[in-house]
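**Student:** Sequence and predicted structure below; questions after.
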Amino acid sequence: MSVQRPDPLSDAAAARAATERLIEAVSGLDPATVTEPSLLPGWTRGHVLTHLARNADALVNLLTWARTGAETPMYESDEARDKDIEEGAGRPLSEQLDDLRLTAERFALAVEEMPPQAWAAQVRTRHGGVCPAAELPAKRLTEVLLHRVDLGIGYTCDDLPSGFVDRELAFVIDGLSGHEGIAAVRLQDTSSSGEWLIGASAEPELTVSGSARQLLAWVTGRGKGEELTRKPDLPLPVLPPLG
(Lines give C-alpha, C1' and ligand atoms only; values in the text may rest on other atoms or scores of the structure.)
Protein backbone atom coordinates (compact mmCIF):
# COMPACT_ATOMS: atom_id res chain seq x y z
CA MET A 1 0.00 0.00 0.00
CA SER A 2 1.55 3.27 -1.08
CA VAL A 3 0.64 6.69 0.25
CA GLN A 4 -1.62 8.46 -2.25
CA ARG A 5 -0.43 11.73 -3.70
CA PRO A 6 -2.42 14.67 -2.35
CA ASP A 7 -5.07 16.39 -4.45
CA PRO A 8 -5.57 19.57 -2.40
CA LEU A 9 -8.68 20.88 -4.15
CA SER A 10 -10.45 17.52 -4.03
CA ASP A 11 -9.34 16.99 -0.42
CA ALA A 12 -10.57 20.47 0.55
CA ALA A 13 -13.98 19.73 -1.00
CA ALA A 14 -14.13 16.45 0.92
CA ALA A 15 -13.17 18.22 4.14
CA ARG A 16 -15.89 20.80 3.62
CA ALA A 17 -18.52 18.13 2.97
CA ALA A 18 -17.37 16.15 6.03
CA THR A 19 -17.58 19.30 8.15
CA GLU A 20 -21.12 19.96 6.95
CA ARG A 21 -22.14 16.41 7.86
CA LEU A 22 -20.51 16.73 11.27
CA ILE A 23 -22.31 20.03 11.94
CA GLU A 24 -25.61 18.48 10.87
CA ALA A 25 -25.08 15.54 13.24
CA VAL A 26 -24.03 17.75 16.17
CA SER A 27 -26.95 20.15 15.55
CA GLY A 28 -29.32 17.34 16.45
CA LEU A 29 -27.82 16.79 19.90
CA ASP A 30 -29.31 17.96 23.18
CA PRO A 31 -27.39 21.17 24.00
CA ALA A 32 -26.44 19.72 27.40
CA THR A 33 -24.38 16.98 25.76
CA VAL A 34 -21.63 19.44 24.85
CA THR A 35 -20.30 19.20 28.41
CA GLU A 36 -20.42 15.40 28.51
CA PRO A 37 -17.26 13.30 28.10
CA SER A 38 -16.01 12.53 24.61
CA LEU A 39 -14.10 9.35 23.78
CA LEU A 40 -10.81 11.24 24.25
CA PRO A 41 -9.52 11.01 27.84
CA GLY A 42 -9.99 14.28 29.72
CA TRP A 43 -11.90 15.99 26.93
CA THR A 44 -15.61 16.77 26.74
CA ARG A 45 -17.42 17.03 23.43
CA GLY A 46 -16.94 20.78 23.79
CA HIS A 47 -13.17 20.29 23.86
CA VAL A 48 -13.33 18.25 20.65
CA LEU A 49 -15.52 20.80 18.86
CA THR A 50 -13.37 23.72 19.98
CA HIS A 51 -10.22 21.89 18.89
CA LEU A 52 -11.73 21.33 15.45
CA ALA A 53 -12.45 25.04 15.06
CA ARG A 54 -8.99 26.09 16.26
CA ASN A 55 -7.36 23.48 14.01
CA ALA A 56 -9.08 25.03 10.99
CA ASP A 57 -7.61 28.41 11.91
CA ALA A 58 -4.20 26.79 12.51
CA LEU A 59 -4.23 25.28 9.03
CA VAL A 60 -5.25 28.65 7.59
CA ASN A 61 -2.05 29.98 9.18
CA LEU A 62 -0.02 27.35 7.31
CA LEU A 63 -1.79 28.07 4.03
CA THR A 64 -1.02 31.76 4.56
CA TRP A 65 2.64 30.85 5.13
CA ALA A 66 2.70 28.84 1.89
CA ARG A 67 0.97 31.58 -0.10
CA THR A 68 2.93 34.57 1.19
CA GLY A 69 6.26 33.07 2.21
CA ALA A 70 5.97 34.74 5.63
CA GLU A 71 6.46 32.13 8.34
CA THR A 72 3.15 31.75 10.19
CA PRO A 73 3.11 28.94 12.78
CA MET A 74 0.01 26.88 13.36
CA TYR A 75 -0.27 28.10 16.94
CA GLU A 76 1.42 30.84 18.92
CA SER A 77 2.56 28.10 21.32
CA ASP A 78 1.38 24.77 22.69
CA GLU A 79 0.33 26.58 25.84
CA ALA A 80 -1.78 29.08 23.87
CA ARG A 81 -3.37 26.22 21.90
CA ASP A 82 -4.30 24.33 25.05
CA LYS A 83 -5.62 27.50 26.70
CA ASP A 84 -7.85 28.32 23.73
CA ILE A 85 -9.31 24.79 23.73
CA GLU A 86 -9.89 24.80 27.49
CA GLU A 87 -11.53 28.23 27.47
CA GLY A 88 -13.75 27.40 24.50
CA ALA A 89 -14.87 23.95 25.64
CA GLY A 90 -17.67 25.13 27.90
CA ARG A 91 -19.41 27.37 25.37
CA PRO A 92 -23.04 26.66 24.47
CA LEU A 93 -23.57 24.26 21.60
CA SER A 94 -24.93 27.04 19.37
CA GLU A 95 -21.66 28.98 19.77
CA GLN A 96 -19.63 25.87 19.03
CA LEU A 97 -21.56 25.31 15.81
CA ASP A 98 -21.21 28.94 14.71
CA ASP A 99 -17.47 28.70 15.35
CA LEU A 100 -17.21 25.54 13.24
CA ARG A 101 -19.12 27.16 10.38
CA LEU A 102 -17.04 30.35 10.40
CA THR A 103 -13.71 28.56 10.62
CA ALA A 104 -14.73 26.18 7.84
CA GLU A 105 -15.46 29.21 5.67
CA ARG A 106 -12.08 30.74 6.51
CA PHE A 107 -10.34 27.50 5.60
CA ALA A 108 -12.25 27.23 2.32
CA LEU A 109 -11.36 30.82 1.43
CA ALA A 110 -7.68 30.22 2.23
CA VAL A 111 -7.72 27.24 -0.14
CA GLU A 112 -9.34 29.33 -2.89
CA GLU A 113 -6.65 32.00 -2.49
CA MET A 114 -3.79 29.55 -3.04
CA PRO A 115 -1.95 30.03 -6.37
CA PRO A 116 -1.18 26.64 -7.97
CA GLN A 117 2.56 26.98 -7.37
CA ALA A 118 2.06 27.67 -3.65
CA TRP A 119 0.88 24.12 -3.01
CA ALA A 120 4.50 22.97 -3.34
CA ALA A 121 5.71 25.30 -0.57
CA GLN A 122 7.05 23.54 2.51
CA VAL A 123 5.52 24.39 5.89
CA ARG A 124 6.18 23.18 9.42
CA THR A 125 3.43 21.53 11.43
CA ARG A 126 2.86 21.79 15.18
CA HIS A 127 5.23 18.96 16.11
CA GLY A 128 8.02 20.14 13.82
CA GLY A 129 7.32 17.97 10.81
CA VAL A 130 7.73 19.54 7.37
CA CYS A 131 5.27 18.91 4.55
CA PRO A 132 4.12 20.54 1.32
CA ALA A 133 1.04 22.74 1.62
CA ALA A 134 -0.71 20.35 -0.76
CA GLU A 135 -1.08 17.91 2.16
CA LEU A 136 -2.94 20.36 4.41
CA PRO A 137 -6.48 19.80 3.08
CA ALA A 138 -6.03 16.05 3.59
CA LYS A 139 -4.88 16.73 7.14
CA ARG A 140 -8.03 18.78 7.70
CA LEU A 141 -10.18 15.94 6.38
CA THR A 142 -8.47 13.57 8.80
CA GLU A 143 -9.12 15.91 11.72
CA VAL A 144 -12.82 16.23 10.89
CA LEU A 145 -13.49 12.54 10.29
CA LEU A 146 -11.51 11.07 13.18
CA HIS A 147 -12.71 13.65 15.68
CA ARG A 148 -16.29 12.99 14.63
CA VAL A 149 -15.60 9.45 15.83
CA ASP A 150 -14.18 10.88 19.07
CA LEU A 151 -17.41 12.76 19.79
CA GLY A 152 -19.04 9.44 20.65
CA ILE A 153 -22.38 10.26 19.03
CA GLY A 154 -22.87 7.09 17.02
CA TYR A 155 -20.32 7.63 14.24
CA THR A 156 -17.53 5.03 14.39
CA CYS A 157 -14.56 3.92 12.30
CA ASP A 158 -16.96 1.51 10.58
CA ASP A 159 -18.71 4.57 9.11
CA LEU A 160 -15.58 6.20 7.64
CA PRO A 161 -15.48 6.49 3.83
CA SER A 162 -13.58 3.59 2.26
CA GLY A 163 -11.27 5.81 0.21
CA PHE A 164 -10.32 7.76 3.30
CA VAL A 165 -9.72 4.55 5.26
CA ASP A 166 -7.32 3.18 2.66
CA ARG A 167 -5.35 6.40 2.36
CA GLU A 168 -5.20 7.16 6.07
CA LEU A 169 -4.18 3.59 6.90
CA ALA A 170 -1.34 3.83 4.36
CA PHE A 171 -0.26 7.18 5.82
CA VAL A 172 -0.25 6.00 9.44
CA ILE A 173 1.49 2.72 8.60
CA ASP A 174 4.15 4.65 6.67
CA GLY A 175 4.85 6.65 9.84
CA LEU A 176 5.07 3.51 11.98
CA SER A 177 7.29 1.56 9.58
CA GLY A 178 10.71 1.01 11.11
CA HIS A 179 9.64 2.83 14.30
CA GLU A 180 12.10 1.54 16.91
CA GLY A 181 9.89 2.65 19.80
CA ILE A 182 7.43 -0.23 19.33
CA ALA A 183 7.76 -3.97 18.84
CA ALA A 184 7.76 -5.27 15.28
CA VAL A 185 4.31 -6.33 14.05
CA ARG A 186 3.09 -7.74 10.75
CA LEU A 187 -0.29 -6.25 9.75
CA GLN A 188 -2.64 -8.09 7.40
CA ASP A 189 -5.70 -6.47 5.84
CA THR A 190 -8.26 -9.25 5.40
CA SER A 191 -10.36 -7.03 3.12
CA SER A 192 -7.61 -6.55 0.53
CA SER A 193 -4.88 -9.13 1.34
CA GLY A 194 -2.50 -6.23 1.98
CA GLU A 195 0.41 -6.86 4.32
CA TRP A 196 2.86 -4.47 6.00
CA LEU A 197 5.45 -4.35 8.75
CA ILE A 198 5.40 -1.74 11.48
CA GLY A 199 7.61 -1.16 14.48
CA ALA A 200 11.24 -2.15 14.94
CA SER A 201 13.14 -3.52 11.97
CA ALA A 202 13.47 -6.99 13.54
CA GLU A 203 11.44 -9.88 12.10
CA PRO A 204 8.05 -9.66 13.86
CA GLU A 205 6.84 -12.39 16.18
CA LEU A 206 3.28 -11.08 16.07
CA THR A 207 0.88 -10.99 13.11
CA VAL A 208 -2.26 -8.87 13.50
CA SER A 209 -5.13 -9.35 11.04
CA GLY A 210 -8.39 -7.53 10.46
CA SER A 211 -10.29 -5.34 8.04
CA ALA A 212 -8.85 -1.99 6.95
CA ARG A 213 -11.33 -0.18 9.23
CA GLN A 214 -10.43 -2.37 12.20
CA LEU A 215 -6.72 -1.84 11.60
CA LEU A 216 -7.20 1.92 11.21
CA ALA A 217 -9.18 2.09 14.46
CA TRP A 218 -6.28 0.43 16.29
CA VAL A 219 -3.35 2.33 14.75
CA THR A 220 -5.08 5.70 15.30
CA GLY A 221 -6.02 4.93 18.91
CA ARG A 222 -9.76 4.73 18.11
CA GLY A 223 -9.98 1.08 19.13
CA LYS A 224 -8.27 -1.34 21.47
CA GLY A 225 -7.97 -4.03 18.83
CA GLU A 226 -10.42 -6.50 20.36
CA GLU A 227 -11.74 -7.37 16.88
CA LEU A 228 -8.27 -8.07 15.49
CA THR A 229 -6.85 -11.57 15.18
CA ARG A 230 -3.42 -12.10 16.78
CA LYS A 231 -1.00 -14.92 15.95
CA PRO A 232 0.42 -16.00 18.31
CA ASP A 233 -1.88 -14.81 21.11
CA LEU A 234 0.43 -12.05 22.35
CA PRO A 235 -0.62 -8.62 23.69
CA LEU A 236 -0.84 -5.83 21.15
CA PRO A 237 2.02 -3.34 21.53
CA VAL A 238 1.34 0.20 22.69
CA LEU A 239 1.46 2.52 19.69
CA PRO A 240 2.55 6.16 19.82
CA PRO A 241 -0.23 8.77 19.62
CA LEU A 242 -0.85 10.46 16.30
CA GLY A 243 1.07 13.69 15.85
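**Tutor:** Right, received. Where do you want to start?

**Student:** Quick check: can you list the domain ranges of this structure?
**Tutor:** 8-155, 165-231 (automatic domain parsing).

**Student:** So for Pro241, which of the ones you listed sits nearest?
**Tutor:** Closest to Pro241 of the domains of the chain is domain 165-231 (C-beta to C-beta; 6.2 Å). From N, CA and C alone the C-beta is placed, and that goes for glycine too.

**Student:** So for the closest one, mean pLDDT?
**Tutor:** Averaged over domain 165-231, pLDDT sits at 93.

**Student:** In a markdown table, list the domains of the chain along with distance to Val238 and mean neighbour count.
**Tutor:** Formatted as a markdown table, the domains of the chain follow (distance: least, C-beta to C-beta, whole Å; neighbours: other C-beta atoms under 10 Å):
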| stretch | distance to Val238 | mean neighbour count |
| --- | --- | --- |
| domain 8-155 | 14 | 17 |
| domain 165-231 | 7 | 17 |
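
**Student:** Any stretches of this protein with poor pLDDT?
**Tutor:** 1-4, 243 (pLDDT under 70).

**Student:** so who does the residue of the chain most remote from its centre touch?
**Tutor:** Distance from the centre of the chain peaks at Pro232, with 30.7 Å (C-alpha atoms, centre = their mean). Shown in contact with Pro232 (C-beta atoms under 8 Å, 6 or more residues apart in numbering): Glu205, Leu206.

**Student:** can you give me the helices for the protein?
**Tutor:** 8-27, 45-68, 78-88, 93-112, 136-150, 162-176, 212-219 (DSSP state H).

**Student:** between the fifth one and helix 45-68, how big is the angle?
**Tutor:** Between the direction of helix 136-150 and that of helix 45-68, the angle (axes from the mean of the first three to the mean of the last three C-alpha atoms, to 10 degrees) works out to 180 degrees.

**Student:** My read is that Ala66 contacts Glu135, right?
**Tutor:** No. Judged on C-beta atoms under 8 Å, Ala66 makes no contact with Glu135 at a distance of 10.6 Å.

**Student:** Setting aside sequence neighbours, what's the nearest residue to Ile173?
**Tutor:** Trp196 (5.1 Å; C-beta to C-beta, 6 or more residues apart in numbering).

**Student:** just checking, that neighbour touches Ala184?
**Tutor:** No. Assessed by C-beta under 8 Å, Trp196 is found out of contact with Ala184, at 11.2 Å.

**Student:** and Ala89, what does it touch?
**Tutor:** Applying C-beta under 8 Å, 6+ apart, the residues near Ala89 are Trp43, Thr44, Gly46, His47, Leu49, Thr50.
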